[in-house]
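[1] any chance you can model this:
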Amino acid sequence: MSNSNIRNVTVTIIFEGAALNRDEKIGGNILSIKKLNVNGEVRSFISRPAIRHYLFQTLKRACGWKEARVTGQGQVVQFDITQDDILTSEEMDAFGYMYTLGGQTSITRKAPVGITKAVSLRPYEADLAFYANHDIVKRGQIQGLAVTPNPYNKEEHTSFYKVSFTVDATIFGKDVWIVERCEYSQDQGSLILQIETSKQVILKNVSKEEPSEENEEIYIVDGKKIRVKGFELTVDEALMKKQKDKNSDQEYLSFDQGYIQGKGKDDESTREADRNEAEQKRGKKRETKPNIKVTEFSYDEDAKTYTFLVNVSPQYDDKKKTLTIQLGVTKSIQCDKQSENEYQVKNSNNNKIIGTIKVENFRPNGPYKVTLYLNENIKNERIKQLLEAIKNGLYAQSSGEANTIVPLFLIAGAVKVPSPVFHSYIDVKKEDGQWQV
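    Numbering: from 1, shown residues only. Down below sits the predicted model:
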């Protein structure tokens, strides 16, 4: 077996620490610790999400890793793949993500970094400690306040803990998406990816005005302007309504219903509106005209306009005097086109290459397979930083208490399959008063 075939790494460490990953309160004021049964013994443990959090916080402080931006859809808070990806975000590259779309669909990236629970190697003996805020109370009493201590209890456990990490180098620095549309905008120097099926709105009584700038189109709706530059729209705020989603409390924009097509005497939308109105009179809910929902936008206070991106350029019908605007989940990636199916992504600060994008189309009009490849040197540096953070120890603090997730023992190896192969074989025992692995 040659070294070139070994692409993955597994690491198992033992550290001395405390159960700082708290669980729910019990008995009103007792802070419990997470516990499970291991071969008939109660052991405390630190959960995988907690270890992942401590590892990422360490990489933020030591190596400058940046937090990926998030978004809220309905009641789900998740990484926003329209704003970040594995090329721009070390966090999304190392720890994966799931981005939910409409219905039951989602874009999922398996985490290249696998983490087990950190389980104690000695049983929990039901230790319980009593605490109270005596110092603060004493200060209040000196100031003449009628205050008394607020006592509480905490379950405590100090032990050796074992945790394992795996690094799947074959998927580190690589991500694959299946998108519905893929188009390169020469004007913007961007690859536009339509990730989710678009919704559209049709504006009525629209006229076109001569633009003052090159590569710009101007549309007038009841005296209010919509400026179009490629996939970017700048819209007079009077044309839109800003609302809040009832589930997520997230702000979004939609077009005012008064400007949406539906009042012509002979068109089907008018007849549908009349039917809806009749149904409403009979006690049924009236349906609104098709609209879009814009969650990512900017506002210009001086110009009183909103600016946002759409997935295709708006379509103007000069005969019907309508403007069709489509919006779905769309991602724009700044890149240089190298060939018909390959694009190069550069760092905007130093112009260095950070990755490559390759596009394959299953059919002439989509869907498309889009593969993101991180620059190999950057990928290797990220893996190196990750392993060094594990070796040197993680920054961990909970309830104001610092913990020591610093390896007392570490074993690492290259493996073909990213599995924590050492984990089951490592334990501690006491011999002649000394702890031995």
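[2] pretty sure K138 is in a helix, no?
    Yes - read with DSSP: H, G, I helix; E, B strand; the rest coil, K138 is one of the residues of a helix.
[3] around it, how many other residues sit close by?
    Neighbourhood size, K138 [other C-beta atoms under 10 Å]: 12. Backbone N, C-alpha and C define where each C-beta goes, glycine included.
[4] just confirm R382 is within a helix.
    Yes - applying three-state DSSP, one finds R382 inside a helix.
[5] spatially nearest residue to it (excluding sequence neighbours)?
    Closest residue in space to R382, ignoring its immediate chain neighbours: E90 at 5.7 Å, by C-beta to C-beta, 6 or more residues apart in numbering.
[6] the one you found against L59, yeah?
    Yes - counting by C-beta atoms under 8 Å, E90 does reach L59; the two are 7.1 Å apart.
[7] joint contacts of the two?
    Counting by C-beta atoms under 8 Å, 6 or more residues apart in numbering, the contacts common to E90 and L59 are W65.
[8] low-confidence bits of the stretch 101-250 of the chain, can you list those?
    102-104, 248 (pLDDT under 70).
[9] just the helices from it, written as ranges.
    134-142 (DSSP state H, counting those that start in this stretch).
[10] and the helices in the stretch 251-400 of the chain?
    Going by DSSP H, counting those that start in this stretch, the stretch 251-400 of the chain shows helices at 268-281, 376-392.
[11] residue nearest the centroid of this structure?
    F79 (0.7 Å; C-alpha atoms, centre = their mean).
[12] from V345, how far out is that one?
    According to C-beta to C-beta, to the nearest Å, F79 stands 18 Å off from V345.
[13] related to what we said a few turns ago, I'd like the distance between the residue lying closest to the residue nearest to the centre of the chain once chain neighbours are set aside and T88.
    The spatial neighbour of F79 that comes closest, neighbours along the chain excluded (C-beta to C-beta, 6+ apart), is Y97 at 4.2 Å. With distances taken as C-beta to C-beta, Y97 is found 13 Å from T88.
[14] neighbour count for those two, which is higher?
    Taking other C-beta under 10 Å, Y97 and T88 do not tie; Y97 has more neighbours (24 against 19).
[15] so what's the more buried one up against?
    Taking C-beta under 8 Å, 6+ apart, one finds 68, 78-79, 81, 108-109 in contact with Y97.
[16] hey, least reliable of the helices of the stretch 251-400 of the chain by pLDDT?
    In terms of mean pLDDT, the lowest-scoring of the helices of the stretch 251-400 of the chain is helix 268-281 (a mean of 50).
[17] my guess is K358 contacts Y373, does it?
    Yes - K358 lies in contact with Y373 (C-beta under 8 Å); the separation is 7.2 Å.
[18] tell me the angle the host helix or strand of L59 makes with helix 376-392.
    Secondary structure assignment for L59, by DSSP states H and E: helix 48-63. On the basis of axes from the mean of the first three to the mean of the last three C-alpha atoms, to 10 degrees, helix 48-63 is oriented at 110 degrees to helix 376-392.
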